[in-house]
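*Asks:* here's a sequence, model it:
(2 chains)
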Amino acid sequence: MEYGGEYEVSTENPKPVVAFYGLTCCAGCQLEILNLEDDLLDILGKIDLVQFRMGSSAKHPGPYDVCFVEGSVTNDTEITLIKDLREKSKILVALGACATTGGVNALRNGRNIEELKQSVYGDSSHINTLPQILPLKSYVKVDHEIQGCPIAGDEFVEFLISLLTGATPTEKNYAVCVECRINENICLMKEGELCLGPITRAGCNALCPSVSIPCEGCWGPCPQANVESEIDMLSKKGASFDDVVRKFRMFNASKEDFMAQLKRRLNIEWL
Amino acid sequence: MAPKKKTSPLILKKEDIPNFVSKLTQILTVYGPVAKKSQFIFDTITDGTQLRLDYDTTILPPKKYFIPPEEEMVKFSLKPELKIQNPLDEKNTESLWNGKRFLIFGIHSCDLTAIKFHDHILTQVYPDPYRAQRRDEGIIIGVNCLTPCEDGFCKSAGALNTTETADLMLTELNNSYYVDVLTTIGKEIVDYCKTQFSSATQQQVNQVKKIIAHRAKSFPDPLKEFQKLPGQLEDSYEGEMWNRLGRRCFGCGACTMVCPTCFCFDVKDQIELDTTKGSRVRKWDSCQLVDFALVAGGHNFRPTIPSRVRYRIYHKFWIEPEQINQIGCVGCGRCTHTCPADIDMIELLTEIEKGGN
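*Replies:* Numbers count the residues shown, from 1 in each chain, chains lettered A, B, ... in the order given. Coordinates of the predicted model:
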C-alpha cells in the first residue's frame, strides 16, 4: 500500500497494519477516534489495528503500514522513539495540534526552560526536557498532518478513506470564516470579539464560533494567513499588545513564519 | 415559471399571518426569516409566529434553498454491478401539492433580483439542472422592504423595485399586508387560504402606490454611477488600490459565502467508509480562496490575495454584465456586513468610480 499511489480499490487486499502512538499530550486526539462510535466497527473492518491504547493494552513492535502519532516531542527519549517509528512505518501521520503545530506545549518556546522547570517542579534535576517544542515534521518526514486540538473525527475518517482508496487526501486550504458563514454564525469579529478565525485553517466546522467562543487557532494558520490585517483588526477591537501576543502564541508559538510575521508587525525581538 | 396572471390586489391582516403560514406548512415546506440572536436567518417555519417579516437582512440569502451549500450530484459505485443513480432522473412531474414543493416567505427585492440574475446566468451561460429543478419546486412570497438596512445600496444597484420572480408580493400597510398576486401559483396559494384574504379598496391601492413612490425617493443612493462601473473598471486593472485592498483582505471568502449572486462550486467525490460506493457532491467554493484558480501541474492563475480581490470585483462588475447585461451585485450589503476586515463595498465601489488608482 503506497501513499498517494495508483487508484486501486480492492476489498481483497490484506488490511493495512495501523498503530497509534502518543508522545507528550493529553491523548485527546486518540479519544476523538474512540468517540467515533458509529464508524468504529466499519473502521475495524478495514484496518488491522494493532496498537491503540484507548481500546486495548496490546502492543505491537511493527513494522506498520500506517502510524498515527499524537503529541509533541519533549525529550530525547521521544526523539529516539519518533525516529524509530519513522523507520518502521510506510506512512507516518501527525495527529492533532501538539504534533502539527507544537500546540500548547510550545508555549515554553522563547522562555528560560530552567526557570520554568524550577517554578513547576521545584527541585527539577530529574526532569529531562527540551527547551523548544517543534512540530513532528521538524524531526522526521511526516506524510500527512491532521490538525486540531483535538482533531475532528470526520477529518480522520476522510483521511482513512483516502488511504484505503488510494486517493490523494484533500486539505482545507481556507479559513474558518467559510464554515462560520455556512453555519450562519454571527461574525464574532463583527461583534468586537478577538477571533483568529480569519487566519486559521478550517476543518473544525467552526466548532467554537458556532457556540459564540472566538477561535483560538488550534488548526494552525491557513495558507496565506494575513497576519498583519489580523493584528490591525484585533487592535481595532481594543486588544492590547499582550492580548495579541497571547492569542497568537496559544497554539502556534512554534510556527516560525507565523511568529516571524507577528514579531515584524509588532516590532519586537523576543517571543 | 408559470405565466403572470392579472388578479386584483388583496389584503391580509397581520394578525392572520401566523394562521396563513401555519396553513401553508400543512401542504408545503415553508422557509422564512427568523431571529438568530441579534440577526436573522432564513429557516424552516413550523409555526407561523416564528416568522419575522420585520427583518432587515439575513446572514445567508435565500439562495441556499436553490443552490445548497452542499449537494449530491450523483451516487456511484466502485463495484461494476451497481448502477449510477442521478437524482435528476427522479425528476418529479407530479402536481403542485406533492410535498416536495417548498415556499420561501418574505424575500426582499434585493434577493428577488439575485434570483432573477441566477435565472439568467444559470440557464443562458452555465445551465444548471440541479438549481433549475429546485427553482421549479420553489414558490416565492416577496415582501417590500420599507426601511433601508445598514449596509445596503439596493437603490443604486437598481434592485429596489424588483418584484419579478415573486409569486406573491406583500407590502406592509398599517395593520395589514397588501398582497399583489403575480403568478398563477400565487393565485393558487391565495385560493387555498381564501378565507384569510379580502379585496383591497381603491384607497388602499393608492396608499400603497404612495408608499412605494416615497420609498423610491427616501432610500439611500450612495453610488450614482453604478451602471457605469463596467466601463470605469477598464482603467483600474493595474491600480494600486488592489494592493491596498489586498493588504487588508483576509482572503477568507466570507463575502462570497453570503453573496446572493455568487454561484461557484467545487466538485468532490466522497467515498464511503466501506469503499464500495460514494457520491459526487458539489460544495460552495469561492474565488477568494487560494485553491480556487489552482490547476493541475501546480500553476495558480490568481496566487495572491490582491489578485483574487480584484477578480471578484471584475467578475461581478465587468464579466457578468458582458455575459448577460446585468451587474452581478444587487446591493444587499451582506459582504460589507460580514467582512471581518471591515472592507466596505460602498467605499470600494466609490473608489473605482473616482478612478480606482
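*Asks:* for the longest helix anywhere in chain B, packing partners?
*Replies:* If you go by DSSP state H, chain B has its longest helix at helix B:202-218. Applying 3 or more CB pairs under 8 Å, 6 or more residues apart in numbering or on different chains; DSSP states H and E, we find helix B:202-218 packed against strand B:168-173, strand B:176-181. Placement of C-beta: from N, CA and C, glycine included.
*Asks:* figure out which of these is closest to residue A:87.
*Replies:* Among the helices and strands packed on helix B:202-218, the nearest to residue A:87 by CB to CB is strand B:168-173 (70.6 Å).
*Asks:* now the angle from the closest one to strand B:176-181?
*Replies:* Here strand B:168-173 runs at an angle of 150 degrees relative to strand B:176-181 (axes from the mean of the first three to the mean of the last three CA atoms, to 10 degrees).
*Asks:* for strand B:168-173, the distance to its chain's centre please.
*Replies:* What separates the centre of strand B:168-173 from the centre of its chain is 19 Å, taken as CA atoms, centre = their mean, to the nearest Å.
*Asks:* do you know how far residue B:155 is from chain A?
*Replies:* 24 Å (CB to the nearest CB, to the nearest Å).
*Asks:* low-confidence regions, the stretch 101-250 of chain A specifically.
*Replies:* Scanning the stretch 101-250 of chain A for pLDDT under 70 picks out no residues.
*Asks:* pLDDT weak spots in the stretch 1-150 of chain B?
*Replies:* For the stretch 1-150 of chain B (pLDDT under 70), the answer is B:1-6, B:80-100.
*Asks:* thought residue A:169 was touching residue A:158, still the case?
*Replies:* Yes: in this structure, residue A:158 is within contact of residue A:169 by CB atoms under 8 Å, at 7.5 Å.
*Asks:* follow-up on the earlier one: nearest to residue A:225, out of the helices and strands packed on helix B:202-218?
*Replies:* Taking CB to CB, strand B:168-173 is the member of the helices and strands packed on helix B:202-218 nearest to residue A:225, at 45.1 Å.
*Asks:* quick one, the closest one and helix B:202-218 angle?
*Replies:* Using the same axes, to 10 degrees: strand B:168-173 against helix B:202-218 is 90 degrees.
*Asks:* residues in contact with strand B:168-173?
*Replies:* For strand B:168-173, contacts defined as CB atoms under 8 Å, 6 or more residues apart in numbering or on different chains pick out B:11-12, B:53, B:106, B:140-144, B:146, B:163, B:177-182, B:186, B:189-190, B:204, B:207-208, B:211-212.
*Asks:* repeat for stretch A:102-110
*Replies:* A:24-25, A:72, A:74, A:96-98, A:116, A:131-135, A:149, A:218, A:249-255, A:270-271.
*Asks:* just stretch A:219-232 next, same as before
*Replies:* Under CB under 8 Å, 6+ apart, the answer for stretch A:219-232 is A:97, A:100-101, A:147-148, A:173-176, A:196, A:198-204, A:244, A:248, A:251-252, A:255, A:257-258, A:261-262, A:265-266, B:247-251, B:290, B:304-305, B:341.
*Asks:* for the chain, just list every one of the helices.
*Replies:* In the absence of a named chain, this looks at chain A. A:28-34, A:37-46, A:76-88, A:97-100, A:113-121, A:153-165, A:176-182, A:227-236, A:241-252, A:256-266.
*Asks:* correction: the question concerned chain B.
*Replies:* Under DSSP H, chain B gives helices at B:17-25, B:109-120, B:129-137, B:184-192, B:202-218, B:229-233, B:241-248, B:254-257, B:305-314, B:320-324, B:334-338, B:345-353.
*Asks:* export the ones you listed to JSON lines and append columns for mean neighbour count.
*Replies:* Converted to JSON lines, the helices of chain B look like this (neighbours: other CB atoms under 10 Å in any protein chain shown):
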{"stretch": "helix B:17-25", "mean neighbour count": "18"}
{"stretch": "helix B:109-120", "mean neighbour count": "24"}
{"stretch": "helix B:129-137", "mean neighbour count": "17"}
{"stretch": "helix B:184-192", "mean neighbour count": "18"}
{"stretch": "helix B:202-218", "mean neighbour count": "13"}
{"stretch": "helix B:229-233", "mean neighbour count": "17"}
{"stretch": "helix B:241-248", "mean neighbour count": "17"}
{"stretch": "helix B:254-257", "mean neighbour count": "26"}
{"stretch": "helix B:305-314", "mean neighbour count": "21"}
{"stretch": "helix B:320-324", "mean neighbour count": "15"}
{"stretch": "helix B:334-338", "mean neighbour count": "23"}
{"stretch": "helix B:345-353", "mean neighbour count": "18"}
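*Asks:* and residue A:33, which of these is closest to it?
*Replies:* Across those, closest to residue A:33 is helix B:254-257 (CB to CB), at 30.4 Å.
*Asks:* other SSEs contacting that closest one?
*Replies:* Using 3+ CB pairs under 8 Å, 6+ apart: helix B:254-257 touches helix A:176-182, helix B:334-338.
*Asks:* which among the contacts of stretch A:219-232 end up buried?
*Replies:* Among the contacts of stretch A:219-232, those classed as buried by 16 or more other CB atoms under 10 Å in any protein chain shown are A:97, A:100-101, A:147-148, A:174-176, A:196, A:198-204, A:244, A:248, A:251-252, A:255, A:258, A:261-262, A:265, B:248-251, B:290, B:305, B:341.
*Asks:* contacting residues around residue B:234?
*Replies:* By CB under 8 Å, 6+ apart, the neighbours of residue B:234 are residue B:318.
*Asks:* near chain B, anything from stretch A:189-208?
*Replies:* Yes: Stretch A:189-208 comes into contact with chain B (CB under 8 Å from any CB of the partner chain), by way of A:189, A:190, A:195, A:197, A:198, A:199.
*Asks:* just the C-alpha atoms of that stretch, please, in CSV.
*Replies:* Provided in CSV are the C-alpha atoms of stretch A:189-208 (Å, rounded to 0.1, in the frame of the first residue of the first chain):
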residue,chain,number,x,y,z
MET,A,189,-15.1,39.8,14.8
LYS,A,190,-18.0,42.0,13.9
GLU,A,191,-19.3,41.7,17.5
GLY,A,192,-15.9,43.0,18.7
GLU,A,193,-14.5,39.7,19.9
LEU,A,194,-10.9,38.7,19.4
CYS,A,195,-11.3,35.8,16.9
LEU,A,196,-8.5,34.1,15.0
GLY,A,197,-11.0,32.6,12.5
PRO,A,198,-9.9,34.7,9.5
ILE,A,199,-6.3,33.3,9.7
THR,A,200,-7.0,29.8,11.0
ARG,A,201,-7.3,26.7,8.8
ALA,A,202,-10.9,25.3,8.6
GLY,A,203,-11.8,21.8,9.4
CYS,A,204,-13.5,22.1,12.8
ASN,A,205,-16.7,23.1,11.2
ALA,A,206,-16.4,26.4,13.1
LEU,A,207,-16.9,24.4,16.4
CYS,A,208,-16.1,27.3,18.8
